[in-house]
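Visitor: coordinates for the following, if possible.
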Amino acid sequence: MNVPSWTTRLRNQSTVRMKAIGGHLHLYYFWEKRWLFIALAIGVIMLNFFKPTDLSYPGIAVLTMSVVATILFVTEPVPLPTVALMIVVAQVTLLGIDSTDVAKSLMTDSVLFIMGSLMLAVAVVKQKLDKRIAWLIVQITGTRTSSICFGIALVSGILASFVGEHTVAAMMLPVGITLISLTSDEPRSVRNLAAVVLFSISYGASIAGIGTPSGGARNAIMIGYWKEFFYNPNIPETSVYLIDYLSWMKYAYPIFLIQLPLLTLILFWTFRPEYRDLSRAVVKLRAQVESEGSMKLADWVAILIFFLVLLGWISVSGQLGMGTVAVAGAAAFLITGLVRWEDINSGVNWGVILLYAAAISLGLQMKETGAAAWVAQSFLHVLSPFGAESGVGLWAAVSLLTTGVTNTMSNGAAVAVLGPIVLKLAVFADESPIILGYITAVSSAFAYLTVVGTPACTIVYASGYLKATDFLRVGWKMVIMSSVIILLTAGIYWPFLD
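Guide: Below is the predicted model of the structure:
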C-alpha cells in the first residue's frame with residue numbers, strides 16, 4: 001500500500017483548511033449582503049403577486065423599484081451609487097424605456113446644480129480659513145461659552161444655507177476642535193463643552209440647510225419636482241410653480257432664524273458645559289491667527305467669486321438655471337488657479353451626484369406611471385379614520401413621515417423618494433402642492449436622532465468627542481421644536497406669501 005509522503009499529507013490538510021475557510025467566506029459574503037437578497041426577493045414577489053386593479057404594470061414596476069431602492073438606501077448592503085446604477089438598468093429592462101431617454105432624465109438642472117455646488121464646496125474648503133473664522137466669531141461674541149456657541153451656530157448656519165451643510169461641517173469642525181482642545185488637553189474633562197460646541201456646528205448647519213435652494217440637494221430636488229409636475233409654459237397661471245432663489249428664501253429662511261436661539265437653549269439645557277468662559281482658549285487662538293499673518297490676495301479673490309456666485313443665484317438663476325451658475329462658479333475657481341482639477345476630482349463625491357440623478361429620474365417615473373398617485377390615495381385612506389386627510393393633520397402626518405424617513409437615509413434621497421408621492425397627495429387632498437412640498441423639504445432637515453441621519457452629524461461624530469446616544473439625548477427635543485415651528489409657520493406665515 002502506498003503511504004502518502006509528509007509533503008502530500010501537508011498539502012491535503014492545507015487544501016481542506018482552504019476549503020473550510022472558503023466556505024466561511026461564502027457564508028460571510030451572503031450574510032453581509034443579506035439585505036440585497038432580501039430586497040431583490042421582495043421585488044420579485046411584488047412584481048409577480050402585488051397586482052392592485054387600479055394600478056398598471058408600469059406603475060407596479062416603478063413602485064417595486066422604489067421599495068427595493070428604499071430598502072437598499074436604508075440598509076446599505078452595497079455602495080449607494082450601485083443602487084443608482086440598478087435604477088438605471090431597471091428603467092430600461094422593466095419599463096422598456098429607451099436608454100437614451102433614461103440618460104436624458106438623469107441630467108436635469110437640479111443635478112447640474114448639485115454637481116456645481118459640490119465642486120464649489122471643495123474650492124471653499126481648500127482656502128483653509130477655519131482659524132480666521134473662529135477668531136472672527138470670538139471677536140463678535142466675546143468669550144462667554146453660550147455666546148460663542150450661539151455664534152458658531154449662527155456662522156455655521158449662514159454658511160450652510162448657501163454652500164451645503166456637509167461642506168460647512170467639514171470646514172467648521174476644525175474651528176470647534178480648536179476651541180475645545182485649547183480649553184483642555186483632556187477630552188473627558190470637557191465632554192459637555194465638546195457636545196455643545198460640536199452640536200452647534202452640526203445642528204446649526206442642518207437647520208439652515210433649508211434656507212436657500214443651494215443649502216441642500218433636497219431643496220433643488222423639490223424645486224425640480226414642482227416644475228416637472230405642475231408647470232406648463234402654455235398656461236401662465238402655472239408659473240407659480242417656477243420657484244426662484246428669493247422665493248424659496250421667503251418661505252424657508254425665517255424658519256432657520258427662529259430655530260437658531262432655541263437650538264442654543266436646548267443644547268445648554270441638555271448638556272451643561274464645564275466652562276462658562278473660554279478666555280484661555282481665545283488667548284491661544286489669537287496667537288495662532290497672528291502667526292499666520294494677514295489675509296492674502298488669493299483669499300480675497302475666493303471670497304469675491306463666492307459672492308458673485310451667490311449674486312448670480314439670486315439675480316439670473318431664473319434665466320440661466322441655478323446649475324449653470326454653480327458650474328460657472330466652479331469654473332472660475334479653476335481658471336484663477338485657486339483650486340486644481342485634481343482637488344475637484346478627488347474631493348467631489350461623484351457617486352452622490354449619480355445617486356441623486358437616478359433618484360430624481362425614478363421619481364419622475366413615479367409620476368408618469370401613476371404610481372405616485374396610487375400611493376398618495378392609499379396614504380389618504382389610511383389617514384381618513386384619524387381625521388388627518390387634510391389641513392394641519394395632513395401637514396403633521398407628512399412632516400412626521402418625512403422625519404422618520406430622513407433619519408434612516410440622506411435627506412436628498414428622502415425628498416427624491418417622497419416628493420412625487422407628497423405632491424400627488426396634495427392634489428387629491430385639495431391642498432397646496434407648494435405648502436406640502438415645503439413641509440417635506442424642510443422636515444427632511446430634522447435628521448437629529450442618528451449619526452447617519454445627515455453628513456453634518458456624521459462629520460462631528462467622527463471627531464471622537466461624541467457618543468451615538470448623545471444624538472438621541474438631544475435629538476428628540478430638536479424634533480419636537482422643529483416640528484412645532486414648521487406647522488406654525490405653515491399655518492400662520494406662509495398664507496401671507498400666496
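Visitor: so how far is residue 230 from the most centrally placed residue in the chain?
Guide: Nearest to the geometric centre of the chain sits residue 411, at 3.9 Å (Cα atoms, centre = their mean). Distance of residue 411 to residue 230, given as Cβ to Cβ, to the nearest Å: 22 Å. The way it works is simple: take the backbone N, C-alpha and C, and place the C-beta from them, glycine included.
Visitor: repeat for residue 257
Guide: For residue 257, the distance to residue 230 equals 29 Å [Cβ to Cβ].
Visitor: settle it for me: which of those two has more neighbours?
Guide: Just comparing residue 257 and residue 230: by other Cβ atoms under 10 Å the higher neighbour count belongs to residue 230, 20 against 13.
Visitor: the more buried one contacts residue 243, doesn't it?
Guide: No - with contacts counted by Cβ atoms under 8 Å, residue 230 stays clear of residue 243, the gap being 10.6 Å.
Visitor: tell me the contacts of residue 486?
Guide: Remark: with contacts taken as Cβ atoms under 8 Å, 6 or more residues apart in numbering, residue 486 is in contact with 255, 399, 439, 442, 443.
Visitor: which of those sit farthest apart?
Guide: Within these, two members stand farthest from each other by Cβ to Cβ: 255 and 399, at 12.1 Å.
Visitor: can you give me the helices for the stretch 351-498 of the chain?
Guide: 371-383, 391-406, 411-428, 433-443, 455-461, 468-488 (DSSP state H, counting those that start in this stretch).
Visitor: where does the prediction get shaky in the stretch 151-300 of the chain?
Guide: Residue ranges of the stretch 151-300 of the chain with pLDDT under 70: 167, 170, 174, 187, 292.
Visitor: now with 90?
Guide: Counting by pLDDT under 90, the stretch 151-300 of the chain shows low-confidence ranges at 151-152, 154-194, 201-202, 205-206, 208-221, 224-225, 227-247, 271-300.
Visitor: what are the ranges of the helices in it?
Guide: Going by DSSP H, counting those that start in this stretch, the stretch 151-300 of the chain shows helices at 165-183, 191-208, 217-230, 245-270, 279-291, 297-315.
Visitor: give me the number of residues near residue 67?
Guide: 16.
Visitor: just want the phi and psi numbers for it.
Guide: Main-chain torsions, residue 67, degrees, to the nearest 10: phi -60, psi -50.
Visitor: got a list of what it touches?
Guide: Going by Cβ under 8 Å, 6+ apart, residue 67 touches 42, 43, 46.
Visitor: for the last one, give its distance to residue 283.
Guide: In this structure, residue 46 and residue 283 are separated by 63 Å, where distance is defined by Cβ to Cβ.
Visitor: and the two? Which one has more around it.
Guide: Neighbour count, other Cβ under 10 Å: between residue 46 and residue 283, residue 46 has more, with 17 against 11.
Visitor: quick one: the more buried one and residue 60 touch, right?
Guide: Yes - the pair residue 46 / residue 60 is scored as a contact, 7.0 Å apart, by Cβ under 8 Å.
Visitor: count of neighbours near residue 210?
Guide: A count of nearby residues for residue 210, using other Cβ under 10 Å, gives 30.
Visitor: next one: residue 270
Guide: For residue 270, using other Cβ under 10 Å, the count is 17.
Visitor: for residue 402, same thing?
Guide: Other residues near residue 402 come to 28 when the count uses other Cβ under 10 Å.
Visitor: residue contacts, it?
Guide: Counted by Cβ under 8 Å, 6+ apart, residue 402 has contacts 414, 415, 418, 422, 439, 440, 443, 444, 446.
Visitor: could you check how far residue 483 is from residue 85?
Guide: Residue 483 sits 36 Å away from residue 85, going by Cβ to Cβ.
Visitor: between the two, tell me which one has more neighbours.
Guide: Under the criterion of other Cβ under 10 Å, the comparison of residue 483 against residue 85 puts residue 483 first, with 18 against 15.
Visitor: do I have it right that that one meets residue 398?
Guide: No - the pair residue 483 / residue 398 is not scored as a contact, 11.0 Å apart, by Cβ under 8 Å.
Visitor: between these two, what contacts are shared?
Guide: Taking Cβ under 8 Å, 6+ apart as the contact rule, residue 483 and residue 398 both touch residue 443.
Visitor: residues touching stretch 420-433, excluding its own?
Guide: Contacting residues not belonging to stretch 420-433 are listed as 225-226, 229-230, 241, 363-364, 366-367, 371-373, 375-377, 379-380, 389-391, 394, 398, 402, 435-437, 439-440, 498 [Cβ under 8 Å, 6+ apart].
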